[in-house]
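**Student:** Predicted model follows, preceded by the sequence.
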Protein chains: 2
Amino acid sequence: MSPASQVNIAVIGAGGVGKCFLSQLQGLAARKPSPKLNLVYIATSRKALYNENFAPIDVGSAIDSLASSSKAPHALPATVDYLSGSPHPVVLVDNTSSQDVAALYPSFLSKGISVVTPNKKAFSGSYKLWQDIFSAASSSGAKVYHESSVGAGLPVISTLNELIDTGDKVTKIEGVFSGTMSFLFNSFAPVAGQGGKWSAEVKKAQSLGYTEPDPRDDLNGLDVARKLTILARIAGIPVESPESFPVQSLIPKALESCSSGDEFLEKLPEFDSQMEEVKAEAERAGKVVRFVGSIDVASKSVKVGLEKFDASHPIAALQGSDNIINFYTERYGSNPLIVQGAGAGGDVTAMGVTGDLLKVLRQIS
Amino acid sequence: MSPASQVNIAVIGAGGVGKCFLSQLQGLAARKPSPKLNLVYIATSRKALYNENFAPIDVGSAIDSLASSSKAPHALPATVDYLSGSPHPVVLVDNTSSQDVAALYPSFLSKGISVVTPNKKAFSGSYKLWQDIFSAASSSGAKVYHESSVGAGLPVISTLNELIDTGDKVTKIEGVFSGTMSFLFNSFAPVAGQGGKWSAEVKKAQSLGYTEPDPRDDLNGLDVARKLTILARIAGIPVESPESFPVQSLIPKALESCSSGDEFLEKLPEFDSQMEEVKAEAERAGKVVRFVGSIDVASKSVKVGLEKFDASHPIAALQGSDNIINFYTERYGSNPLIVQGAGAGGDVTAMGVTGDLLKVLRQIS
């Protein structure tokens, strides 16, 4: 690819992360970078904003203009064709969590359109999609980065890739990969003892916005399983899907059929004694319980669920809704390389996306 | 810069880090990367290995061949001229800690030769050298990376750069930046209480190879001050030198004039009561003492020395000889982004260098 003096940016998604990304993009543009960055397309599932001949869209007013736009977005496959017509290299920024957009990454990439995204679905869906994405990128030379698909802006995927690319042997990855689960267990089973009732902590987390609107979408463990799927694949384990390894759901069997999140929360106190027993069992062993994901690379074993940790373990000492990821490798020996901090939120998720965009720009300019 | 199908690698330094780097370079080459990597020059201060017309040197036998080579290295300024004659782009890998090599980075960079290095001297010397290095790189388009100059292979510099480049405001950086100091204080003042006598811990650390041959080279705090200088400059504070901010030396005044490290160690027990009092004072406040560096960005205040931490603080809970770096930023809020792990050792230092080399290769190919 020859050096580009201008790069066109196309954005899909204008929710929490999308808005934060646009604000960061505006910051980049204000610093007059080389190459010049032009926003040329922005779309939600219902609306779109774009000009004739890829003329630039003002980034600062893009959200407002999009809201009042009467244009419908291109159908997704037509978006590939549309962006392929750009006279300058294009980076697609997918700020959705849509499986449909993810399914088209191989098409975008094979047309030379680079992709940066926090969208977990693309990299934790079928293993075939994973292979198609990276082989399309490899053939065309287009770039694909997805730092924020695990731990938001924390340097998790870049660190794992660098360990592997420089020849280290990763033996185990273990951590707390969900801000929701982190918050729940740091409150329910704090190192200092005590902690609230399980159902009360879930309700509190929901009211503070730490859970999805329906908290079962966090408690089923699938979000963590998706992140583990991504890391395991990078580590060389061809995990077929987030359903192909053991994932412990914290939704009691009897409440799986609840028709709503509200009904679920209403009935959850009936199961507090079960969680209390889990906590007490850990305490009798001098430990605390945490909801973790782990990958044992040698045995290719991936699992998600409750584990017990000594109070002095970094996973036990986590605070608030922080994530922690421990990389055990041959070079690092008995003490892991640890990355820790907020793993969710619009600003830090967008930061991973903007950081990825900068990596792409360095390579195509 | 147009895409390169081959990149020539020149290495200065063949000590602990240099040997590990060559082993990692061999691993890269075995994976048949694009661009093709050729080692074309390797030198110590006394010997060199290179062929007519930049013909490749076998990486696997380079250390042995260098030992038996009868060639002297090019004088450093002549090395710039020599490498400028390469028909392919060149990356200089400086695995020394030499101020003389560092002083020539602007010359290498202005000739289009990229530089990757763990050499702290270049980035913590005079502020003018820092400016010359980055302005030379900016003018020529050559790249310069130095991840391993702080925390070895830990993603410290890349993380700080990404926070800043994506528009976050870093408010404070605080951490344990020396494996030696980490080991000493984790043993001398463990969270669980007790711990050995100060002079005994220093002797133990020396005998285990955790200190420089003369432990005063660690205890004077200069190594930490160099790392803080680098991070502060990246954070936008124009620190003039590692001597331009307060650095607490743990060498008692009366022992500054000792003629040898052995004499120092012999007399150190006379000062154990001083350190015991420091520890006791922290304990009375329910805390432990640690040797940390900190940067307060708003007040442009940089300092290195002893501080007290609650037992539950991540800095207090550090283990072995690990480093920990806490980035406090606007986006991350009250809980910092934390990077932790081994911050010294040949393999992990070389990993940072090899990772930097990969970043350069992605950009020039």
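**Tutor:** Sure, I can see it.

**Student:** CA only for contacts and neighbour counts going forward, please
**Tutor:** Fine.

**Student:** Domain ranges for chain A, per the record?
**Tutor:** The record's domain parsing of chain A by automatic domain parsing lists A:6-152+A:347-364, A:156-343.

**Student:** Tell me the residues of chain A that contact chain B?
**Tutor:** Residues of chain A lying close to chain B by CA under 8 Å from any CA of the partner chain are A:1-3, A:24, A:27-28, A:154-155, A:159, A:162-163, A:165-167, A:312, A:317, A:319-320, A:322, A:331-332, A:335-342, A:347-348, A:351, A:354-355, A:362-364.

**Student:** Pull out the buried members of these.
**Tutor:** A:3, A:24, A:27-28, A:154-155, A:159, A:162-163, A:165-167, A:317, A:319-320, A:322, A:331-332, A:335-342, A:347-348, A:351, A:354-355, A:362-364 (16 or more other CA atoms under 10 Å in any protein chain shown).

**Student:** middle-most residue in chain A, spatially?
**Tutor:** residue A:149 (2.5 Å; CA atoms, centre = their mean).

**Student:** Pull the contacting residues for that one.
**Tutor:** By CA atoms under 8 Å, 6 or more residues apart in numbering or on different chains, the contact list for residue A:149 reads A:117-120, A:227.

**Student:** With secondary structure, distance to residue A:49 and pLDDT as extra columns, can I get these in TSV?
**Tutor:** Shown next, in TSV, are these (DSSP: H, G, I helix; E, B strand; the rest coil; distance: CA to CA, whole Å; pLDDT from 0 to 100):
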residue	secondary structure	distance to residue A:49	pLDDT
A:117	coil	20	98
A:118	coil	22	97
A:119	coil	21	97
A:120	helix	25	96
A:227	helix	32	98
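
**Student:** From those, list just the buried residues.
**Tutor:** A:117-120, A:227.

**Student:** Among the residues you listed, find me the one that's closest to residue B:7.
**Tutor:** residue A:117 (30.7 Å; CA to CA).

**Student:** per-residue confidence at the closest residue to residue A:303 other than its chain neighbours?
**Tutor:** Spatially, and ignoring its direct neighbours in sequence, residue A:303 is nearest to residue A:246 (5.1 Å; CA to CA, 6 or more residues apart in numbering or on different chains). Here the pLDDT value assigned to residue A:246 is 98.

**Student:** And the helices in the stretch 101-250 of chain A?
**Tutor:** A:105-110, A:120-124, A:127-140, A:157-165, A:179-188, A:198-207, A:216-219, A:222-234 (DSSP state H, counting those that start in this stretch).

**Student:** closest one to residue B:50 among these?
**Tutor:** Closest among these, once you apply CA to CA, is helix A:157-165, at 27.1 Å.

**Student:** same for that closest one, what does it pack against?
**Tutor:** With contacts taken as 3 or more CA pairs under 8 Å, 6 or more residues apart in numbering or on different chains; DSSP states H and E, helix A:157-165 sits against helix A:222-234, helix B:346-364.

**Student:** Contacts for the first one, please.
**Tutor:** For helix A:222-234, the external contacting residues (CA under 8 Å, 6+ apart) are A:120-121, A:123-124, A:149-150, A:157, A:160-161, A:177-178, A:217, A:238-239, A:241-243, A:247, A:293-295, A:297, A:302-304.

**Student:** Any chance of a markdown table for the domains of chain A, columns distance to residue B:96?
**Tutor:** Shown next, in a markdown table, are these (distance: least, CA to CA, whole Å):
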| stretch | distance to residue B:96 |
| --- | --- |
| domain A:6-152+A:347-364 | 28 |
| domain A:156-343 | 20 |
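
**Student:** Nearest to residue B:19 among those domains would be which one?
**Tutor:** domain A:156-343 (14.3 Å).

**Student:** Could you double-check that residue A:264 sits in contact with residue A:255?
**Tutor:** Yes: with contact defined as CA atoms under 8 Å, residue A:264 counts as touching residue A:255 (6.3 Å).

**Student:** Mind checking which of these two has more residues around it?
**Tutor:** Between residue A:264 and residue A:255, residue A:264 has the larger neighbour count (other CA atoms under 10 Å in any protein chain shown), namely 20 against 15.

**Student:** Just the local confidence number for that one, please.
**Tutor:** For residue A:264, the predicted pLDDT is 96.

**Student:** On the three-state scheme, it is what?
**Tutor:** Assigned by DSSP: H, G, I helix; E, B strand; the rest coil, the conformation of residue A:264 is helix.

**Student:** need the contact list for the closest residue in space to residue A:221 that isn't next to it in sequence.
**Tutor:** Leaving aside its sequence neighbours, residue A:221 sits nearest to residue A:249 (CA to CA, 6+ apart; 5.5 Å). Residue A:249 is in contact with A:219-221, A:305, counting by CA under 8 Å, 6+ apart.

**Student:** which of those residues lies closest to residue A:131?
**Tutor:** residue A:221 (24.5 Å).

**Student:** Check the gap between that closest one and residue B:260 for me.
**Tutor:** 60 Å (CA to CA, to the nearest Å).

**Student:** hmm, which of the contacts of helix A:222-234 are the buried ones?
**Tutor:** Buried among the contacts of helix A:222-234 (16+ other CA under 10 Å): A:120-121, A:123-124, A:149-150, A:157, A:160-161, A:177-178, A:238-239, A:241-242, A:247, A:293-295, A:297, A:302-304.
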